[in-house]
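Student: Dropping the sequence and predicted coords here.
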Protein chains: 2
Amino acid sequence: MLYLEDFSVGQTFVSREHAVDAAAITAFAAAFDPQPFHLDDAAARGTLFGGLAASGWHTGAMVMRLMVETVPVAGGIIGSGLDELKWPHPVRPGDQLHVVAEVIEVRPSKSRPDQGWVKLRATTFNQAGTVVMVIQPNLIVPRKPGETA
Amino acid sequence: MLYLEDFSVGQTFVSREHAVDAAAITAFAAAFDPQPFHLDDAAARGTLFGGLAASGWHTGAMVMRLMVETVPVAGGIIGSGLDELKWPHPVRPGDQLHVVAEVIEVRPSKSRPDQGWVKLRATTFNQAGTVVMVIQPNLIVPRKPGETA
């Protein structure tokens, strides 16, 4: 497991590939984002998406799953928020997604000597190499025991 | 249904209340964010959360559901991304969430005369009035038929 001292700018983590299918897209949408373009391919054809596409929140949730498996932060992956979130391209049934997460900032906390912040830029690609999501999460990361200020 | 011409800065939409229970929190976490503080109350007590808390992506998904019910955008709620996302306070079993979405910008598209952008600031409160999530989505909104440039 990685503590604050184990992270450095430029360090990169690459997830496995995750397959997206139509049943997962429509099940998530029925629960959380019940709009025609996330629920039914025929209904989606007449919309901006031009066919069934995953809810952006579903994509975010799949990305979170991949990050939990890929970035072994001591204490878990806990974010206070995101500096950026973009969905530049739809996620479709049959897509294979993977996440590349790069460390862009490492910073000790001023108020909490036992922890600090790691900012990642996590880019999610489909099987064609097209970017489908970009996020910049700010993670709260513990300092190594015995190395706190 | 609302077109670009129907939105104005300061316009505000208030959702119903949505109840969060432990079963929903752990089911979402098992699928998308399998970390101890989202899966099991006893395991969560020794973590930064101090007890079971919803995945931030689960909160985002619940907020999306409330927004779909509350903001009747013609063509649906389609976002290109978020300018901001913050989770300032955990969401707990038993919480009652509601969303207040305020229009902060309305802007015709330069490249697409038939659509424009509406930026919202959507703040989610629990039953105590504590802010649990803030997002600023940029929505793609069609212009009223016959009123395009």
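Tutor: Arrived safely, thanks for sending.

Student: Chain A against chain B: which residues are in contact?
Tutor: A:28, A:31-37, A:47-49, A:55-58, A:60-62, A:64-65, A:68, A:75-88, A:140 (Cβ under 8 Å from any Cβ of the partner chain). All C-beta atoms are positioned from the backbone trio N, CA, C, and that covers glycine.

Student: Now go through those and say which are in strands.
Tutor: A:79, A:80, A:81, A:82, A:83, A:84, A:85, A:86, A:140 (DSSP state E).

Student: Sort out which one of these lies nearest residue B:116 for me.
Tutor: residue A:86 (18.6 Å; Cβ to Cβ).

Student: From the centroid of chain A, which residue is nearest?
Tutor: residue A:63 (3.5 Å; Cα atoms, centre = their mean).

Student: hang on, residue A:123 packs against residue A:134?
Tutor: Yes - with contacts counted by Cβ atoms under 8 Å, residue A:123 reaches residue A:134, the gap being 5.3 Å.

Student: What average pLDDT does the longest helix along chain A get?
Tutor: Ranked by residue count under DSSP state H, the longest helix found in chain A is helix A:56-70. Averaged over helix A:56-70, pLDDT sits at 98.

Student: cool, stretch A:127-142 as well?
Tutor: pLDDT averaged over stretch A:127-142 gives 97.

Student: So for that stretch, what gets flagged as buried?
Tutor: A:132, A:133, A:134, A:135, A:136, A:137, A:138, A:139, A:140, A:141, A:142 (16 or more other Cβ atoms under 10 Å in any protein chain shown).

Student: Take these and write them to TSV, including distance to residue A:97 and secondary structure.
Tutor: Listed next are the buried residues of stretch A:127-142 as TSV, based on distance: Cβ to Cβ, whole Å; DSSP: H, G, I helix; E, B strand; the rest coil:
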residue	distance to residue A:97	secondary structure
A:132	7	strand
A:133	8	strand
A:134	13	strand
A:135	13	strand
A:136	18	strand
A:137	17	strand
A:138	22	strand
A:139	21	strand
A:140	26	strand
A:141	25	strand
A:142	29	strand
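
Student: Out of the residues you listed, flag the one nearest to chain B.
Tutor: Using Cβ to the nearest Cβ, residue A:140 comes nearest to chain B of the buried residues of stretch A:127-142, at 6.7 Å.

Student: quick one: contacts for that closest one?
Tutor: A:75, A:78, A:79, A:80, A:115, A:116, A:117, B:48 (Cβ atoms under 8 Å, 6 or more residues apart in numbering or on different chains).

Student: residue ranges with poor pLDDT in chain A?
Tutor: A:147-149 (pLDDT under 70).

Student: from the contacts of residue A:140, which is closest to residue A:92?
Tutor: Looking across those and measuring by Cβ to Cβ, the closest to residue A:92 is residue A:79, at 26.8 Å.
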